[in-house]
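Participant: when you get a sec, could you give me coordinates for this:
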Amino acid sequence: MDVDITTIIENYVDAHTDDVSLLLEELMAETESITGRSFWSIGKVEGKLLQLLIKMSGTKRAVEVGTFTGYSALVIAEALPEDGILTTCENSRQYADIARRYFDRSPYGRKINLQLGPALQTLKQIPAGREDFVFIDADKPSYGDYFDEALRILGPGGLIFVDNVFWRNKIFKNKITNENARAIAGFNEKVRQEDRVEKVMLSIRDGVYLMRKK
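Facilitator: Okay, the predicted model is just below:
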């Protein structure tokens, strides 16, 4: 049986990327066991890209929209400097409780400030221009609103990293019927026309959009 070329490429890329910590591997396994949705978490390759971007940009203050069970939050916290801080937003108490358990076990957990509740509510409380990096990976219909707030809270040169901009490749269909895919397609067009950011879309996993605020 022929193996899909995409799978071959992904396996090759994965094999040539640094491994994650044992704690992150354990968290991914528990996430799958409890929720059956480990695919909601970023993978190793995306996580390493996040870490490199944070380190190369000198990020000290980061915001994450969509904690889920805490995998990406820990990835970000590992890359932040000793005085760095991550504010992460999660609306599900079940997921937040799992994340907190792993934050407590990690030496980097002290850098993480988990806010339970609607993400927009948390974002609107953050002063304008204070943050260096925003990672968006939450409810797809709200991506446009999260993006607007990200632009407000970032200073010049701040980075925005958005996950799932292919939405399981459903945005490529001639007729998009899936609600999340329609939302993502609209968001992608919104960003394409936005002059306040430099941008590049990357075909990593389910698609990522990387931007720099001018």
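
Participant: what helix or strand is residue 114 located in?
Facilitator: Using DSSP states H and E, residue 114 maps to strand 112-116.

Participant: hmm, I typed the wrong one, I wanted residue 209.
Facilitator: Residue 209 belongs to strand 208-213, assigned by DSSP H and E.

Participant: same question, residue 8
Facilitator: Short version, using DSSP H and E: residue 8 is in helix 5-15.

Participant: and the strands in this structure?
Facilitator: Under the criterion DSSP state E, strands of the chain are mapped to 61-65, 85-90, 112-116, 131-136, 154-163, 197-202, 208-213.

Participant: the closest residue to residue 70 other than its chain neighbours: neighbour count?
Facilitator: Leaving out its chain neighbours, the residue that sits closest to residue 70 by Cβ to Cβ, 6 or more residues apart in numbering is residue 99, at 3.0 Å. Bear in mind the C-beta positions are built from the backbone N, C-alpha and C, glycine included. For residue 99, the count of nearby residues is 27 (other Cβ atoms under 10 Å).

Participant: how near is the closest residue to residue 138 other than its chain neighbours to residue 148?
Facilitator: Among residues not flanking residue 138 along the chain, residue 66 sits closest, at 3.2 Å (Cβ to Cβ, 6+ apart). According to Cβ to Cβ, to the nearest Å, residue 66 stands 16 Å off from residue 148.

Participant: between these two, tell me which one has more neighbours.
Facilitator: Neighbour totals were compared for residue 66 and residue 148, and residue 66 leads with 23 against 13 (other Cβ under 10 Å).

Participant: spit out the contact partners of residue 99.
Facilitator: Residue 99 makes contact with 67-70, 73, 88, 90, 114 under the criterion Cβ atoms under 8 Å, 6 or more residues apart in numbering.

Participant: could you double-check that residue 77 lies in contact with residue 108?
Facilitator: Yes: judged on Cβ atoms under 8 Å, residue 77 makes contact with residue 108 at a distance of 3.9 Å.

Participant: that concludes my questions; thank you for your assistance.
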